[in-house]
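Engineer: Below is the sequence, then the predicted model.
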2 protein chains.
Amino acid sequence: MAAPSYDVVGIGNAIVDVLARADDALVQRQGLVKGTMALVDAVRAEAIYATMPAAVEKSGGSVANTIAGIASLGGRGAYIGKVRDDALGGVFAHDLKTLGVRFDTRPAKSGPPTARCLILVTPDAQRTMCTFLGACVELGPEDIDEALVASAAVTYLEGYLFDPPRAMEAFRKAATVAHQAGRQVALSLSDPFCVDRHRAEFRELVDRHVDVLFANEHEICALYETAHFELAAEAVRGHCDIAVLTRSERGSDIVTKERMLHVAPVPVRQVVDTTGAGDLYAAGFLYGFTHGRDLEACGKLGGLCAAEIIAHVGARPETSLKRLAEGAGLI
Amino acid sequence: MAAPSYDVVGIGNAIVDVLARADDALVQRQGLVKGTMALVDAVRAEAIYATMPAAVEKSGGSVANTIAGIASLGGRGAYIGKVRDDALGGVFAHDLKTLGVRFDTRPAKSGPPTARCLILVTPDAQRTMCTFLGACVELGPEDIDEALVASAAVTYLEGYLFDPPRAMEAFRKAATVAHQAGRQVALSLSDPFCVDRHRAEFRELVDRHVDVLFANEHEICALYETAHFELAAEAVRGHCDIAVLTRSERGSDIVTKERMLHVAPVPVRQVVDTTGAGDLYAAGFLYGFTHGRDLEACGKLGGLCAAEIIAHVGARPETSLKRLAEGAGLI
C-alpha cells in the first residue's frame, strides 16, 4: 500500500454560513429548536433571512470546516462537495484553496445556487441553524474522485450527506473505495434530528463501514434511542473501532473495544459562538490520528481546536492552529 | 417646507466587502498603496482574490456604512445604490433593510454582478482596498427618486460616485433636487486618489453645491494640492459652510467661515481594523447635525462611532450605537 498523499479527504455539503446574533425570541418565533439544524427550502430560507439582523457571510459546511482545521494544523487535506458556479460558490472554493486544501469538484452550471446556512447565535453562544441545501442536491457518485479517495489516509464523511438525494450513493462509493485501498473511514453523526431521519442507515453504516465515529451526546443518544449517555456509550462500543464522543464543557470520551478514555476540555475565557465546535474537534483529532498520535493526544488536539473556534464568531479558525498546538506542546 | 421624513438619504456605490488579514508583503506584491482604494476590473479582482487568505464577507460601501450607522443611532436613513439581482446583492439589501433603512433602488437584471471590495487588513490595522465596481456602473439619474431626496434633511454623497460612468449625473441631479427642496447636501471626498482623478469637478462641487464636506487629511491636501494640512484647512474655509476634517488618532477639526473647532478623539483599547472609520465618523456627525446638535456635539458623536468601528473587523457597527451614545451622554 502506497503512503497516503493526503491525511484526510472530506466529503460534505458545501455551504456558506450567514451568521447573525439573535435573541431567543427570534429562534422561537421561527419555530426552530435551539442548538440543532433544520433543513429549509428556498422560500422558507428567504422568510427566515428577512427576520434576521444584519449578518456576516463566512464559508462553512461541517466537514469543510474540519478540513480547513486540518490544513491550519499543517495537515494535507482535500475536499469533495458541490457548489454552483456563482459568487458564493467562488467564496467557498477560495476559502478552502487558499489554505492549501485540494478542492476540484466540478461546480454545478445550472440548478439551485450555492447552499446557505442561516445561523442564529443566541446570547448563550448557542447556534441554531437553518440550511438551504441548494447546489448540494447535485452531488452524486460521479463526483467521487476514486484516485483521490484511495490516496488519503482517512475519508471523512458527514451525516448531513444523507439529506440530499444522491449524496448517500456518493458516500457509499467513497467508503468502499477507501476500504478497498486499505484506508480508514470516519463519520460524523452531524445532528440528532439528522440521526432521527436516517437512524437505520446510520446504524448499518457504523456497524459495517465506519472505523472512527464522531458524535456528541445528543447524537449518540439519538442513534441508540436512549436518554442516558452512559447507555449510549456502552451501546456503541464494539460497533466500530473508535467512537469519539464530545460532551461540550465536560470534554470528550473516546470509546474503544478495550477501554473508555476521558479527555478534559480546554478552558475558554469567553464562549462567543459554538458554531463549528464539533467540526474543529474532529479536525484536531483526525490530524493527530493521521500523524500516529495516541488517542489521548488526539483528543487533546481536538479539544484545543474546538476551544479556538468557540472563542469567536464563525466556524473557520482565525489563528494558526499549528502555532496554537505547538504552543500547547501537542505537535 | 415640510418636515423631513428622513434624516439622511445616502447615494453611493453598493458594495459587499471581502475582508482578510494580510501582511505588508502581500499589499506590496500586488502593487497596492496601503490605506487607499484602487479600482480594479473583474480579471484583476480575481487575481488579487486568489492571493488573499480565507476571508469574511460583510456588506460595505462607504455611504451605505454611514447610513447603517445613522440607523444604528436611531436615525431615519434611506439609501440609493445599484446591486445586481444576485446573492451578494440580496445580502447587501438585507443588511440595510434589517436596520430599518429604506432601500428600493431597482437591482440590475443583467450586466456585471454586485460590486465587491477586496480589503487587506495589515497588522497595523490599516486597510487597503481593491474595488471591482460591478453593477455600480449601472447607476444613473433615472435611479434618483426625487421625492425621496426632497424628503430628507440631508443628501449625502460619496466622492467614489465619480468613478462609475453615469453616477456623476445621478449625483448632480440629487444635489439639485435637494437644494430645490430647501435641503442640504453633504459630500465625502472618499479617497486621495479619487480626488486626484476628479479634482476639478470636486472643487467646483464644493464651491457651488456642498454644504457639509467630509475629508481626511490626505484627501483635503489632495483637493488643494498641498502637503500641509493647515494650508488645506485654510483653503477650504469659505468654499463650503462646514468642512469636517478627520485626522485619525488626532481627532477632527471642524472648519466654518467663522472658526476652527478641534474635537479630541475617543480612546480605543485596541485598533483592530480601520475600515469604515471615516464612514462612521460621518454617521455620528450627520445624526447630530440633523438632530439640531451644535458642531462640537456632532464631532463627538462622529468620534464615538468611529471608535466603535475600528475596534473590530468590518465597517458596519456590531453594537447599538444608540446605546453607546446614550451611555456617553451624547444623545
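Structural biologist: Alright, I've got the coordinates. No experiment lies behind these values; they were computed from the predicted model shown.

Engineer: Can you name the residues that contact the residue in the stretch 151-300 of chain A positioned nearest to chain B?
Structural biologist: For the stretch 151-300 of chain A, the residue closest to chain B is residue A:272, as judged by CB to the nearest CB, at 11.7 Å. Every residue, glycine included, has its C-beta placed from N, CA and C. For residue A:272, the contact set (CB atoms under 8 Å, 6 or more residues apart in numbering or on different chains) comprises A:125, A:310-313.

Engineer: Repeat that for residue A:93.
Structural biologist: Per CB under 8 Å, 6+ apart, neighbours of residue A:93: A:83, A:103, A:107.

Engineer: Could you rank the residues you listed by neighbour count and give me the top one?
Structural biologist: Ranked by the number of neighbours (other CB atoms under 10 Å in any protein chain shown), the contacts of residue A:93 place residue A:83 first, at 28 neighbours.

Engineer: name the element the nearest residue to that residue once chain neighbours are set aside belongs to?
Structural biologist: Leaving aside its sequence neighbours, residue A:83 sits nearest to residue A:89 (CB to CB, 6 or more residues apart in numbering or on different chains; 3.3 Å). According to DSSP states H and E, residue A:89 maps onto helix A:87-97.

Engineer: relative to helix B:87-97, how tilted is that helix?
Structural biologist: Angle between the axes of helix A:87-97 and helix B:87-97 is 100 degrees (criterion: axes from the mean of the first three to the mean of the last three CA atoms, to 10 degrees).

Engineer: Report the distance from helix A:87-97 to the chain centre.
Structural biologist: 18 Å (CA atoms, centre = their mean, to the nearest Å).

Engineer: before we move on, what about stretch A:266-274?
Structural biologist: Centroid displacement of stretch A:266-274 relative to its chain, using CA atoms, centre = their mean, is 19 Å.

Engineer: Now that stretch - C-alpha only, CSV.
Structural biologist: Taking Å, rounded to 0.1, in the frame of the first residue of the first chain, the C-alpha atoms of stretch A:266-274 are listed here in CSV:
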residue,chain,number,x,y,z
VAL,A,266,-9.6,23.1,27.2
PRO,A,267,-10.7,26.2,29.2
VAL,A,268,-12.0,29.1,27.2
ARG,A,269,-12.1,32.6,28.6
GLN,A,270,-15.4,33.5,26.9
VAL,A,271,-17.5,31.3,24.7
VAL,A,272,-18.7,33.5,21.9
ASP,A,273,-20.3,31.2,19.4
THR,A,274,-20.3,27.4,19.5
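
Engineer: Would you indicate which residues of it are buried?
Structural biologist: Buried residues in stretch A:266-274, defined by neighbour count with 16 or more other CB atoms under 10 Å in any protein chain shown: A:266, A:272-274.

Engineer: need the residues of the stretch 101-250 of chain A near chain B, please.
Structural biologist: By CB under 8 Å from any CB of the partner chain, the residues of the stretch 101-250 of chain A that approach chain B are A:113-114.

Engineer: Go again with 10 Å.
Structural biologist: A:113-114, A:116, A:134 (CB under 10 Å from any CB of the partner chain).

Engineer: The residues you listed into a markdown table, with extra columns for pLDDT and secondary structure?
Structural biologist: A markdown table is the format used below for these (pLDDT from 0 to 100; DSSP: H, G, I helix; E, B strand; the rest coil):
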| residue | pLDDT | secondary structure |
| --- | --- | --- |
| A:113 | 96 | coil |
| A:114 | 97 | coil |
| A:116 | 97 | strand |
| A:134 | 97 | helix |
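
Engineer: how about the helix or strand hosting residue A:322, does it reach chain B?
Structural biologist: Using DSSP H and E, residue A:322 sits in helix A:321-327. No. Judged by CB under 10 Å from any CB, helix A:321-327 stays clear of chain B, getting no closer than 12.7 Å.

Engineer: How about the contacts made by residue A:285?
Structural biologist: Applying CB atoms under 10 Å, 6 or more residues apart in numbering or on different chains, we find residue A:285 in contact with A:66, A:69-70, A:186, A:212, A:214, A:242, A:244, A:246, A:252, A:254, A:263, A:293, A:295, A:297-303, A:305-306.

Engineer: Going by neighbour count, which residues in stretch A:227-238 are buried?
Structural biologist: For stretch A:227-238, by 16+ other CB under 10 Å, it's A:229, A:232-233, A:235-236.

Engineer: quick one, strands of chain A?
Structural biologist: A:6-11, A:15-21, A:37-39, A:56-59, A:77-80, A:102-103, A:115-121, A:127-132, A:152-158, A:184-188, A:212-216, A:242-246, A:252-256, A:260-263 (DSSP state E).

Engineer: ok, residue A:69 touching residue A:277?
Structural biologist: No. Shown here, residue A:69 and residue A:277 do not form a contact pair, counting by CB atoms under 10 Å, at 11.1 Å.

Engineer: Between these two, tell me which one has more neighbours.
Structural biologist: Neighbours were counted for residue A:69 and for residue A:277 using other CB under 10 Å; residue A:69 has more, 33 against 25.

Engineer: ok, the nearest residue to the more buried one once chain neighbours are set aside - how many residues close by?
Structural biologist: Excluding its sequence neighbours, the residue lying closest to residue A:69 (CB to CB, 6+ apart) is residue A:283, at 2.7 Å. Using other CB under 10 Å, the number of residues around residue A:283 comes to 35.

Engineer: Check residue A:33 too.
Structural biologist: Neighbour tally, residue A:33, other CB under 10 Å: 12.

Engineer: Same check on residue A:26?
Structural biologist: Neighbours of residue A:26 (other CB under 10 Å): 18.

Engineer: again with residue A:8
Structural biologist: Residue A:8 has 30 nearby residues by other CB under 10 Å.

Engineer: For it, give its distance to residue A:291.
Structural biologist: The spacing between residue A:8 and residue A:291, counted by CB to CB, to the nearest Å, is 11 Å.
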